[in-house]
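A.B. asks: Quick check, what structure comes out for this input:
(chains A, B, C and D)
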2 protein chains.
Amino acid sequence: MNLKQLSHMLSLSQTTVSRALNGYPEVNEETRRRVMDAAKRHGYRPNPSARRLATGKSGMIGYVLPTGNAVDIDPHFVEFLSGLGDYARAHELDLVLSPADADDEETTYRRIVANRQVDAVYISSPRPADRRVALVNTLGIPFIVHGRSEGLDFDYPYLDIDNEGAFHEAARLLLQLGHKRLALINGTDRETFAIHRERGMRRALATSGLTLGERHICSVAMTEENGYRAARRLLEESEPPTAIACSSLIMALGVVRAVRDLGLTIPGDLSLVAHDDVFPWLRPENFPVPLSTTRSSIRLAGARVAERLAARISGLEEGARGEVWPVDLVVRGSVAGAPV
Amino acid sequence: MNLKQLSHMLSLSQTTVSRALNGYPEVNEETRRRVMDAAKRHGYRPNPSARRLATGKSGMIGYVLPTGNAVDIDPHFVEFLSGLGDYARAHELDLVLSPADADDEETTYRRIVANRQVDAVYISSPRPADRRVALVNTLGIPFIVHGRSEGLDFDYPYLDIDNEGAFHEAARLLLQLGHKRLALINGTDRETFAIHRERGMRRALATSGLTLGERHICSVAMTEENGYRAARRLLEESEPPTAIACSSLIMALGVVRAVRDLGLTIPGDLSLVAHDDVFPWLRPENFPVPLSTTRSSIRLAGARVAERLAARISGLEEGARGEVWPVDLVVRGSVAGAPV
DNA sequence: AGAGCGTTCCAAAGCGCTTTGGCTGAATTG
DNA sequence: CAATTCAGCCAAAGCGCTTTGGAACGCTCT
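C.D. replies: Numbers count the residues shown, from 1 in each chain, chains lettered A, B, ... in the order given. As a prediction, the model looks like this:
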């Protein structure tokens, strides 16, 4: 059932039927009702390919998926997607993932914009002076960055959590508990969120006249194994840290294992705080010793990004509005006063 | 730069240019070269929306993403996606995720097929007599099921791993080690893979004249917490199992924690085997006691599904070919002889 | 020489929608 | 009452591609 048939059986022109369906004002309400009714009764659905060719709008939002043998997609992604999908569903938006060589995402961005394949895109895990952000900005497609870049000479719309504040608070807590030797097991330092977390921690330490030594900070991919290795290295030093802040629950798993292997205890020998993106399948309260966390639901972020993307597509949101969410510090049993 | 302009500047008709570009035989090789050349030089890219309207082909593969507040997307999904994306990239295929109410995916399948939004779809985590499989089969769009359904009165193309064989082997190993009381911590029993694993285990037990008691099998969502709870329940019985097979590494994490909490040891008091989908961020060899696993890379499966999907789209693959991958049994320190 | 044939190209008709520009007749205005 | 206005409808022109149904040309074959 296409527009032609539908309009024919209503003895109306395609124009009128199209307008009636799309809510244009220049059609009699009585006629509109008739049209709507017939459309529903016959299950008419405008062909998206045709509509898209005519309007250039696709009803989809895009994401460029970095791929490659050595490229691992972050498990956070799926939670983010959950939230995004949840909102997108309610608004009949589809999401298109365009796989790209991780070393050359630009070509793909250019392609999907040139082809008008999607109405908007989002960018995640931005790095400082991220070229993707710059590119997408000049290409002029609606977009939102999940996270923040830095050192770009223009403003752009983003949604980020207060990573600096979160780790500042975490460090401040540890300092208040008397810890002097803190360490940070961070995500790879090419990503802005990791930089912000380090910054927050340094700021807290500076307030107490302390610094974060070069050797007390690890920047690694967020796997259990890397968490373990980093923790071992830190704890086997001559003057090991008495408290560690860790950028992910998964790495924290490794830290806990290292602590055990070394015959140490949490929080007796080591206080531990980690960032929690809120996975349904791994919860900080279920750690051997309930884990203190800085918590922010990445799923909610996904939903919010979808919401703002939709708003930008329909012109309800404009400009370079940045949105930063505060992060909860949740204190559980994994932190205690510094050992004497 | 569109076809009209390009053909005009070549003083050729759109027909000829189109045919030259698409490799049709009825165009002079010399002309084809000229066209190809000009196209490349001017960076001509056919508009996908137009092409799609004309041909009905979209160059995308689809996946219906179940969403909802209470719906958690499996973290396996992201690994599968990695593999799929990796292959799709090389073939210029995009992936469109259509979010759907988890209770009503059918509407969405109908929509994407009716709208010809994608050239093929894949279905994951099938359940017995899965309605999605039946639906998609009658709708006549190319598809592949990742996993298997059961009790359907027709054949269909799928890619699955030998879950039954894997757990049969795992159980057989445990039996050989003298274990008599085995337990299974499985994924939710609505999914076929869980049923197959249970079946494999039962079969192995039957061979030794044993059975898997009702209380010795847990069917739960695969979270760390559920693994913990299941293990506690099992181990606190009067005659606790001496060996557990577990359907995921994440649940195994919980099992290990439970064992510790109860003051037991692996493999002294309990032998443990788990299924490993091969995540980059959590590896069985890094468990406190290296975990024995049944191993199969879900990432490779993703790549293979993409490959077969592409083959079906282009007509290279036809019919209802089922493909079952064998699963490696990797023995590590977490299994030992049954306690005396 | 004319029929027959394969090669190479083209004009034009879709694909199914949106949108422009214009037409009608009734209501409003001076 | 003629002149405007306006609500409500329509025909037709795109959007940019693919594909159908020839047409023109140079050959070979009888």
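
A.B. asks: now stretch A:207-221: how far from the chain's centre is it?
C.D. replies: In terms of C-alpha atoms, centre = their mean, to the nearest Å, the centre of stretch A:207-221 is set 25 Å apart from its chain centre.

A.B. asks: tell me the strands in the stretch 151-300 of chain A, going along the chain?
C.D. replies: A:158-161, A:182-186, A:217-219, A:243-246, A:271-276, A:292-295 (DSSP state E, counting those that start in this stretch).

A.B. asks: Is there contact, residue-wise, from stretch A:327-340 to chain B?
C.D. replies: No - judged by C-beta under 8 Å from any C-beta of the partner chain, stretch A:327-340 and chain B are separated, with a smallest distance of 14.1 Å. C-beta: built from backbone N, CA, C; applies to glycine.

A.B. asks: What is the end-to-end distance of that stretch?
C.D. replies: Stretch A:327-340 has an end-to-end distance of 31 Å (C-alpha to C-alpha, to the nearest Å).

A.B. asks: Could you check it and say which residues are buried?
C.D. replies: By 16 or more other C-beta atoms under 10 Å in any protein chain shown, the buried positions in stretch A:327-340 come out as A:327, A:329, A:332, A:333, A:334, A:335, A:336, A:338.

A.B. asks: mind listing which of the residues you listed are in helices?
C.D. replies: The helices, defined by DSSP state H, take in nothing from the buried residues of stretch A:327-340.

A.B. asks: measure the spatially most central residue of chain A to residue A:213 for me?
C.D. replies: When C-alpha atoms, centre = their mean is applied to chain A, the residue found nearest the centroid is residue A:146 (4.7 Å). Residue A:146 sits 32 Å away from residue A:213, taking C-beta to C-beta, to the nearest Å as the criterion.

A.B. asks: now do residue A:292
C.D. replies: On the measure of C-beta to C-beta, residue A:292 and residue A:213 end up 23 Å apart.

A.B. asks: How about residue A:261?
C.D. replies: With C-beta to C-beta as the criterion, residue A:261 and residue A:213 are 23 Å apart.

A.B. asks: now do residue A:189
C.D. replies: 15 Å.

A.B. asks: try residue A:194
C.D. replies: To residue A:213, residue A:194 is 17 Å away according to C-beta to C-beta.

A.B. asks: More neighbours: which of the two?
C.D. replies: Each of residue A:194 and residue A:213 has its neighbours counted (other C-beta atoms under 10 Å in any protein chain shown); residue A:194 has more, 23 against 13.

A.B. asks: List the contacts of that one.
C.D. replies: A:186, A:187, A:188, A:219, A:247 (C-beta atoms under 8 Å, 6 or more residues apart in numbering or on different chains).

A.B. asks: confidence score at it?
C.D. replies: Residue A:194 carries a pLDDT score of 97 in this model.

A.B. asks: Next: residue A:70.
C.D. replies: Value listed for residue A:70 in the pLDDT field: 87.

A.B. asks: I'd guessed residue A:102 sits against residue A:66; true?
C.D. replies: Yes - if you go by C-beta atoms under 8 Å, residue A:102 and residue A:66 touch, sitting 3.8 Å apart.

A.B. asks: List the contacts of residue A:143.
C.D. replies: Going by C-beta under 8 Å, 6+ apart, residue A:143 touches A:120, A:121, A:122, A:123, A:136, A:137, A:156, A:157, A:309, A:312.

A.B. asks: Then residue A:172?
C.D. replies: Contact analysis of residue A:172 by C-beta under 8 Å, 6+ apart lists A:204, A:207.

A.B. asks: Excluding covalently adjacent residues, which one is nearest to the closest residue to DNA strand C within the stretch 1-150 of chain A?
C.D. replies: DNA strand C sits closest to residue A:3 of the stretch 1-150 of chain A, with a gap of 2.8 Å, by C-beta to the nearest atom of the strand. In space, and not counting its chain neighbours, residue A:3 is closest to residue A:14: 5.2 Å by C-beta to C-beta, 6 or more residues apart in numbering or on different chains.

A.B. asks: which bits of the stretch 201-340 of chain A sit near chain B?
C.D. replies: A:222-225, A:228, A:250, A:253-254, A:257, A:260-261, A:279-283, A:286, A:288.

A.B. asks: For ChimeraX, write a command that selects the buried ones of those residues.
C.D. replies: Buried members of those, defined by 16+ other C-beta under 10 Å, are picked up in ChimeraX with:
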select /A:222,223,224,225,228,250,253,254,257,279,280,281,282,283,286,288
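
A.B. asks: I'd like to know how many residues surround residue A:116.
C.D. replies: 17.

A.B. asks: Could you find the closest non-adjacent residue to it?
C.D. replies: Using C-beta to C-beta, 6+ apart and skipping residues adjacent in sequence, the residue nearest residue A:116 is residue A:56, 5.0 Å away.

A.B. asks: Neighbours of that neighbour, how many?
C.D. replies: 11.

A.B. asks: Tell me which residues touch whichever residue of the stretch 101-250 of chain A sits closest to DNA strand D, please.
C.D. replies: Nearest residue of the stretch 101-250 of chain A to DNA strand D (C-beta to the nearest atom of the strand) works out as residue A:116 at 9.2 Å. Contact analysis of residue A:116 by C-beta under 8 Å, 6+ apart lists A:52, A:56, A:57, A:58, B:49.
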